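> I would like to see how this sequence folds:
(4 chains)
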Number of protein chains: 2
Amino acid sequence: MTMAPEPGNGHALPHTPTLADLAREAGTSRSTASRALSGRGYVSPDARVRLMAAAERLGYVPNASARTLKQRRSNVVGVIVSDLGNQFYAQLAAGIEQVLRERGYHMVIVGDNSDATEELTAARTFLAMHAPGVIITPDAPDATGFLLRRGLPVVEVDRRMSEHPCDAVVIDNVRGGRMAVEHLLALGHTRIAHLGVHTEFTSDAGRLEGYRQAHAAAGVPVDERLVLRVALHDETVAERITGLLARESPTAIFAANNILAMQAWRAIRARALSLPDEVSLVGFDDVQWMEMVTPAITVVDQPTFELGRRAAALLLRRLEEPVSAPTVELLQPSLLVRASTAPPRL
Amino acid sequence: MTMAPEPGNGHALPHTPTLADLAREAGTSRSTASRALSGRGYVSPDARVRLMAAAERLGYVPNASARTLKQRRSNVVGVIVSDLGNQFYAQLAAGIEQVLRERGYHMVIVGDNSDATEELTAARTFLAMHAPGVIITPDAPDATGFLLRRGLPVVEVDRRMSEHPCDAVVIDNVRGGRMAVEHLLALGHTRIAHLGVHTEFTSDAGRLEGYRQAHAAAGVPVDERLVLRVALHDETVAERITGLLARESPTAIFAANNILAMQAWRAIRARALSLPDEVSLVGFDDVQWMEMVTPAITVVDQPTFELGRRAAALLLRRLEEPVSAPTVELLQPSLLVRASTAPPRL
DNA sequence: AGCCAATGTGGTTACGTTCCCACACTGGCG
DNA sequence: CGCCAGTGTGGGAACGTAACCACATTGGCT
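Purely as a prediction, here's the structure:
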């Protein structure tokens, strides 16, 4: 039997109440208090009421770290995105957060800057926190592999690093790319430039694949000089796009993400080309400005917020039944035809 | 003396290594292992090396919840914003996250939907997690008060709920509002509409105050019919703006945030008014589209990312010296004059 | 009458870390 | 020669919770 926890120092320090305090107040044991507050196990209505009242009176707040330590699992999901400042990832995070919060979980979010080392560091942190699972937009397969090996469920979102089999939620990028290019081909374009990021991601590769498939289906050969693949943090993208416009004079451009679409748009402006008379433009990932500029931009829209919601839902499902086979959800993009696309000038 | 922690079940379950395992590997006590890994207290170079090697070999990852439980403080800062999906808050969060990560902290972020109840729930959660502090864009004074009473440092960012004295980082909203309206007055406008949100926030009130100050300084009386204050989740904002344009025919509009600026812009379009010939428009908070549309929008720019950085830095400072008086940092907005403002038509 | 399931309860231990304390050994100093 | 500061180590007790187990009391059943 230990003594009451009150330390003897004069000025009443605001001791944060614990289950032991509640138990003392309500005249029960700590065990009963624990059961009443956590809701599992038998507690008489009488004791429950007394304990709840005591909790209210003392302003009891359960200690999450003690709970996590004991249960070996926290309710804080780890989330890794490339760049919180980018609208796409912010929207994704918002979707994830909404679902997690609905279901009593929380989210600790880390922005690697598409840096594999940062990603691994974050993974270690999530392991240290005993996160129940992790949602990641992977830049390299390392973090996912590390986490899976340590037994943490991982959901890859927006793109896949196929190395390890794990849950994923992605857009049908091939189809999206195909839709964009089919639209341009149908308008009569045959010199269609492709602007994409050169990475290992399934997303960028998929959009390019869609570009090729559409060409193949239409029997139009792909001129490889029209396919521009830029590095992730390339500072010279603007010049390269301008160079492509000058050198190859494509009649249409398919820009495979919102950043590249903006850069293409600026390059078109800078060269004072008329949109869509001299060159058509299709973007990927509908963001606010695309609908507001004149002419409005035709774009392959993806359900970004929903992508986040699904990723979170998939993770939570995995937490409930840990053993089933990995699921890959494929969300469908849609083509929004606006005013930036028209038949090529003769 | 307790037995080794290996449970006898056949298939070697991947027991996550603890300090006790490291100690056994390196032939030291748990105490020494703890000192070596946490870096405080005496450890011989010899023992340190052995322990580090053991940690590496076993893939040791410290248990954050055990550490938090013992130290009664985690390294996960709580962040509450109104809406992660809004570019402004996302940018803010990105700034906060960057600084926290640089300094070894992490961020658990919650989006209340400008709902005081959600806010309080989040505050409780952060208390439960033993977060070292909280950064909040407050919608009501309750959450801040609750946290301060329980001894948690709070930094209010973007706006202040003045009730309790606490650290804050805000924009000089009065000055921003004044700059916008002075610009319009200087162009010769006298019928300037003000579009703002009707809240208790210091931010919106400040911008309106700036609007009034500019008028007073110029000796131009304010026509109260031109001052529109909409509720936070008002669905009829578009109609109300349209109504204002029709009824009062202002020659200029000052929209006090990026959402209202967009709605004003749409309303102007919908009425087929010529921008800036028939009506001028000034926004607040420069977001991407404002510079891309034609004509580009004149706007009071605020350093959003920096706002987040400062808030995080202020919180970390407070953690180091908890007793000093509350600090309020005031960041300066700047006016970006573009093409949406011109002298009124005669 | 005996038994068992359902309903409640409390004691005890373990989760993995940190921190306080005790202790051991050195060397230098009064 | 005794003492103390500096260096280094280990034992043990928390931190607050959940979970396991033992146990007590019912009531209804065979």
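> which residues of the stretch 151-300 of chain A fall in strands?
For the stretch 151-300 of chain A, the strands defined by DSSP state E, counting those that start in this stretch occupy A:154-157, A:167-171, A:192-197, A:227-230, A:252-255, A:280-284, A:298-301.
> Tabulate the ones you listed (CSV), appending mean neighbour count, mean pLDDT and distance to residue B:325.
Backbone N, C-alpha and C define where each C-beta goes, glycine included. Output for the strands of the stretch 151-300 of chain A, formatted as CSV (neighbours: other Cβ atoms under 10 Å in any protein chain shown; pLDDT from 0 to 100; distance: least, Cβ to Cβ, whole Å):
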stretch, mean neighbour count, mean pLDDT, distance to residue B:325
strand A:154-157, 28, 96, 45
strand A:167-171, 24, 96, 48
strand A:192-197, 25, 96, 49
strand A:227-230, 18, 94, 51
strand A:252-255, 29, 98, 52
strand A:280-284, 28, 97, 51
strand A:298-301, 24, 98, 51
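> Out of these, the one nearest chain B is which?
The closest of the strands of the stretch 151-300 of chain A to chain B is strand A:280-284. By Cβ to the nearest Cβ, the value is 12.6 Å.
> in its sheet, what does the closest one sit against?
strand A:252-255 (parallel), strand A:298-301 (parallel) (DSSP bridges).
> ok, and what's touching it?
A:176-177, A:180-181, A:183-184, A:187, A:189, A:207, A:251-258, A:261, A:264-265, A:268, A:275, A:290, A:297-300, A:302, A:333, A:340-342, A:344 (Cβ atoms under 8 Å, 6 or more residues apart in numbering or on different chains).
> cool, stretch A:194-201 as well?
Residues from elsewhere that reach stretch A:194-201 (Cβ under 8 Å, 6+ apart): A:139-140, A:159-161, A:204-205, A:207-208, A:211, A:226-232, A:241, A:253-257, A:260-261, A:263-264.
> Show me these that map onto helices.
Among those, the members falling in helices (DSSP state H) are A:204, A:205, A:207, A:208, A:211, A:241, A:260, A:261, A:263, A:264.
> and the fourth one, how many neighbours does it have?
By the other Cβ atoms under 10 Å in any protein chain shown criterion, the neighbourhood of residue A:208 contains 22 residues.
> Find me whatever residue is spatially closest to it, sequence neighbours aside.
residue A:196 (5.3 Å; Cβ to Cβ, 6 or more residues apart in numbering or on different chains).
> List the beta-bridge partners for the one you found.
Note on residue A:196: beta-bridge partners by DSSP bridges are residue A:229.
> That one and DNA strand D: what is the separation?
48 Å (Cβ to the nearest atom of the strand, to the nearest Å).
> Enumerate the residues of chain A near DNA strand C.
Counting by Cβ under 7 Å from any atom of the strand, chain A comes close to DNA strand C at A:27-32, A:35, A:41-47, A:66, A:69-70, A:72.
> Go again with 6 Å.
Residues of chain A lying close to DNA strand C (Cβ under 6 Å from any atom of the strand) are A:28, A:29, A:30, A:31, A:32, A:41, A:42, A:43, A:44, A:47, A:69, A:70.
> Counting neighbours, what do you get for the nearest residue to residue A:258 once chain neighbours are set aside?
Closest residue to residue A:258 apart from its sequence neighbours, by Cβ to Cβ, 6+ apart: residue A:285 at 4.3 Å. Look at residue A:285: counted by other Cβ under 10 Å, it has 23 neighbours.
> Distance check, residue A:285 against chain B.
13 Å (Cβ to the nearest Cβ, to the nearest Å).
> With residue A:303 instead?
13 Å.
> repeat for residue A:181
25 Å.
> got a list of what that residue touches?
By Cβ under 8 Å, 6+ apart, the contact set of residue A:181 is A:192, A:210, A:211, A:214, A:215, A:254, A:282.
> still on that earlier bit, want to throw the strands paired with strand A:280-284 into a markdown table with distance to residue A:86?
Output for the strands paired with strand A:280-284, formatted as a markdown table (distance: least, Cβ to Cβ, whole Å):
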| stretch | distance to residue A:86 |
| --- | --- |
| strand A:252-255 | 15 |
| strand A:298-301 | 16 |
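> Select only the buried ones of the residues of chain A next to DNA strand C in ChimeraX?
The ChimeraX command for the buried members of the residues of chain A next to DNA strand C (criterion: 16 or more other Cβ atoms under 10 Å in any protein chain shown) is given here:
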select /A:28,32,43,47,69
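> quick one: low-confidence parts of the stretch 101-250 of chain A?
A:162 (pLDDT under 70).
> ok so, going back, quick check, nearest of the contacts of residue A:181 to residue A:323?
residue A:210 (34.6 Å; Cβ to Cβ).
> wait, what's in contact with the nearest residue to the closest one once chain neighbours are set aside?
Using Cβ to Cβ, 6+ apart and skipping residues adjacent in sequence, the residue nearest residue A:210 is residue A:177, 2.3 Å away. Taking Cβ under 8 Å, 6+ apart as the contact definition, residue A:177 lies against A:206, A:207, A:208, A:209, A:210, A:211, A:213, A:214, A:254, A:256, A:284, A:300.
> I figured the fourth one hits residue A:174, correct?
Yes. The pair residue A:209 and residue A:174 qualifies as a contact (Cβ atoms under 8 Å) at a distance of 5.0 Å.
> more crowded one of these two?
A direct count of neighbours by other Cβ under 10 Å for residue A:209 and residue A:174 places residue A:174 higher, at 20 against 16.
> Read off the pLDDT value for the residue nearest the centre of chain A.
Nearest to the geometric centre of chain A sits residue A:92, at 4.4 Å (Cα atoms, centre = their mean). As predicted, residue A:92 sits at a pLDDT of 97.
> and what of the one 3 residues further on?
What the model reports for residue A:95 is a pLDDT of 98.
> and what of residue A:307?
98.
> quick one: contacts for it?
A:92, A:95, A:157, A:158, A:169, A:170, A:171, A:331.
> With distance to chain B added, can I get those residues in TSV?
What follows is the contacts of residue A:307, written out as TSV (distance: Cβ to the nearest Cβ, whole Å):
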residue	distance to chain B
A:92	10
A:95	8
A:157	15
A:158	16
A:169	18
A:170	20
A:171	18
A:331	18
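> Using a markdown table, please lay out those residues together with distance to residue A:133.
Shown next, in a markdown table, are the contacts of residue A:307 (distance: Cβ to Cβ, whole Å):
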| residue | distance to residue A:133 |
| --- | --- |
| A:92 | 16 |
| A:95 | 16 |
| A:157 | 12 |
| A:158 | 17 |
| A:169 | 13 |
| A:170 | 18 |
| A:171 | 21 |
| A:331 | 20 |
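> Between the residues you listed, which sits nearest DNA strand C?
Lowest distance from DNA strand C to those (Cβ to the nearest atom of the strand) belongs to residue A:157, with 29.7 Å.
> on that earlier part again, verify the stated contact: the residue nearest to residue A:258 with residue A:300.
Yes. The criterion here is Cβ under 8 Å, and residue A:285 meets it with residue A:300 at 7.4 Å.
> What ranges does chain A have for its helices?
A:19-26, A:30-38, A:45-58, A:64-71, A:87-102, A:116-128, A:141-149, A:173-186, A:202-218, A:237-248, A:258-270, A:288-292, A:304-320.
> Nearest to residue B:129, out of these?
helix A:64-71 (4.6 Å).
> buried sites along that closest one?
A:64, A:65, A:66, A:67, A:68, A:69.
> Would you check how far apart the fourth one and DNA strand D are?
To DNA strand D, residue A:67 is 4 Å away according to Cβ to the nearest atom of the strand.
> what does the second one give?
With distances defined as Cβ to the nearest atom of the strand, the gap from residue A:65 to DNA strand D amounts to 8 Å.
> Quick check: closest non-adjacent residue to that residue.
residue B:68 (3.9 Å).
> I'd say the one you found and residue B:74 touch.
Yes. Under the criterion of Cβ under 8 Å, residue B:68 makes contact with residue B:74 at 4.1 Å.
> Quickly list what's touching both of the two.
A:65, B:129, B:130.
> nearest residue to the last one other than its sequence neighbours?
Looking back up the chat, that one is residue B:130. Nearest to residue B:130 is residue B:74, by Cβ to Cβ, 6+ apart, at 5.0 Å.
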